[in-house]
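> take this sequence and fold it.
(chains A, B and C)
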Amino acid sequence: MIRGRWVRLADGRGGITATVMTSANAEDWTWLIDYLELNVNLSSVQQSFPADEHMKRAVTECRGLRLLKQEPWECLASFILSSTKQIVQIQQIVALLCERFGQPVRSPRAETWFSFPSIDRIAALSEAELRCCKMGFRAPYLKGTAEMILRGEVNLESVRTMDLATARAELMRFPGVGRKIADCVLLFAYGFQQAFPVDVWVLKAIKQLYFPRRRPNGKKILRFTESYFGPNAGYAQQYIFHYMRTRIGRVERRGNEKN
DNA sequence: AACCAGGGAGCGT
DNA sequence: ACGCTCCATGGT
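Numbering: from 1, shown residues only, chains lettered A, B, ... in the order given. Predicted structure coming up:
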């Protein structure tokens, strides 16, 4: 589901094949091109990365990896639900939320899918109803955030025009949103290329790859990420994250290593 | 049976 | 500014 539409994307020879539901003859594809960031020149982004061995390996291993330009509300809400949860469980919570409170949408094969629930819908739900989606203590965070937006305390559209630091501070006014989740929304929804979310995986990678045999505190790590990875630091973060999770992370798990 | 998970809030110092 | 604990739930 992308922006309320059903889409099937398939990896094909020489490109992506997209199947959509449409009534128009001349389909306008800008919404999908925008979502997939197909206007971004990936090789020039990769060339802006620092040329150290780790980044080169990450780029080689994760060839073709791209960021998506997600919708701010869906992205914000999803990441509020992400704290101290495994990715598969976050997916489960979001799926439950959509099935119960989203809008049903038909696929070409007459399957029923569900859009991500609107801000009003979430704000109108009771905390108990939200907890039924297994989000636990994150329920009041999500509801509180939806209510703040509804009251006009924070305007998600106005964030687009702000500079990075101001936009980050604005998002961090929401309950359950700290530096990491704010940076995720700034990068994945608003396209702030300099935003660099530091989660446990990236933290482990930075320490292991760039500060071996040292013990830098969180602040030092943040300052390093802000200066080292260049104008497309957010893309670099995604390469490191994916490289760490799909390559290095699994090796360590097999290798009986403590967290 | 403990321990952990794409963190953050609310304490204490 | 830092460090610590708790938070709810499912999986290992």
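> and after the helix or strand hosting A:Arg57, which helix or strand comes next?
Here A:Arg57 is covered by helix A:53-61, with elements defined by DSSP states H and E. Of the helices and strands lying after helix A:53-61 in sequence (DSSP H and E), the nearest is helix A:72-80.
> state the mean pLDDT of the following helix or strand past that next one.
For helix A:72-80, the following helix or strand on the C-terminal side (DSSP H and E) is helix A:87-101. Averaging pLDDT along helix A:87-101 yields 97.
> wait, does helix A:87-101 contact DNA strand C?
Yes. Using Cβ under 7 Å from any atom of the strand, helix A:87-101 reaches DNA strand C at A:Gln89. C-beta: built from backbone N, CA, C; applies to glycine.
> in that helix, which residues are buried?
Residues of helix A:87-101 classed as buried by neighbour count (16 or more other Cβ atoms under 10 Å): A:90, A:93-94, A:96-98, A:101.
> got it, and stretch A:38-46?
For stretch A:38-46, a neighbour-count test (16+ other Cβ under 10 Å) marks A:42, A:45-46 as buried.
> from these, pick the one nearest DNA strand C.
Nearest to DNA strand C out of the buried residues of stretch A:38-46 is A:Val45 (Cβ to the nearest atom of the strand; 31.2 Å).
> the closest one is in contact with A:Asn232, isn't it?
Yes. The pair A:Val45 / A:Asn232 is scored as a contact, 4.8 Å apart, by Cβ atoms under 8 Å.
> give me the number of residues near A:Phe116?
22 (other Cβ atoms under 10 Å).
> can I assume it sits in a strand?
No. A:Phe116: not assigned to a strand; according to DSSP: H, G, I helix; E, B strand; the rest coil it is coil.
> so who does it touch?
Shown in contact with A:Phe116 (Cβ atoms under 8 Å, 6 or more residues apart in numbering): A:1, A:71, A:73-74, A:77-78, A:94, A:97-98, A:102.
> next one: A:Tyr210
Per Cβ under 8 Å, 6+ apart, neighbours of A:Tyr210: A:54, A:224, A:228.
> pull up the per-residue confidence for the second one.
Pointing back at A:Phe224 there. For A:Phe224, pLDDT reads 96.
> same question, the last one
On the pLDDT scale, A:Tyr228 is placed at 97.
> pretty sure it sits against A:Pro50.
Yes. Using Cβ under 8 Å, A:Tyr228 is in contact with A:Pro50, at 6.1 Å.
> which of the two has more neighbours?
The residue with more neighbours, out of A:Tyr228 and A:Pro50, is A:Tyr228; 16 against 13, by other Cβ under 10 Å.
> burial measure for the closest residue to DNA strand C within chain A, as a count.
Among all residues of chain A, A:Gly136 sits closest to DNA strand C, at 2.2 Å; criterion: Cβ to the nearest atom of the strand. By other Cβ under 10 Å, the residues close to A:Gly136 number 13.
> interface residues of the stretch 51-200 of chain A facing DNA strand C?
Residues of the stretch 51-200 of chain A lying close to DNA strand C (Cβ under 7 Å from any atom of the strand) are A:84-86, A:89, A:131, A:134-137.
> for the helix holding A:Arg57, which outside residues touch it?
Contacts to helix A:53-61, defined as Cβ under 8 Å, 6+ apart, come from residues A:46, A:49, A:205, A:209-210, A:236, A:239-240, A:242-243, A:246-247.
> let me have those residues in a markdown table, extended by secondary structure, pLDDT and distance to A:Leu36.
A markdown table is the format used below for the contacts of helix A:53-61 (DSSP: H, G, I helix; E, B strand; the rest coil; pLDDT from 0 to 100; distance: Cβ to Cβ, whole Å):
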| residue | secondary structure | pLDDT | distance to A:Leu36 |
| --- | --- | --- | --- |
| A:Gln46 | helix | 98 | 17 |
| A:Phe49 | coil | 98 | 21 |
| A:Ala205 | helix | 92 | 26 |
| A:Leu209 | helix | 92 | 29 |
| A:Tyr210 | helix | 94 | 30 |
| A:Ala236 | helix | 98 | 19 |
| A:Tyr239 | helix | 97 | 17 |
| A:Ile240 | helix | 96 | 21 |
| A:His242 | helix | 94 | 16 |
| A:Tyr243 | helix | 94 | 21 |
| A:Thr246 | helix | 86 | 20 |
| A:Arg247 | helix | 79 | 24 |
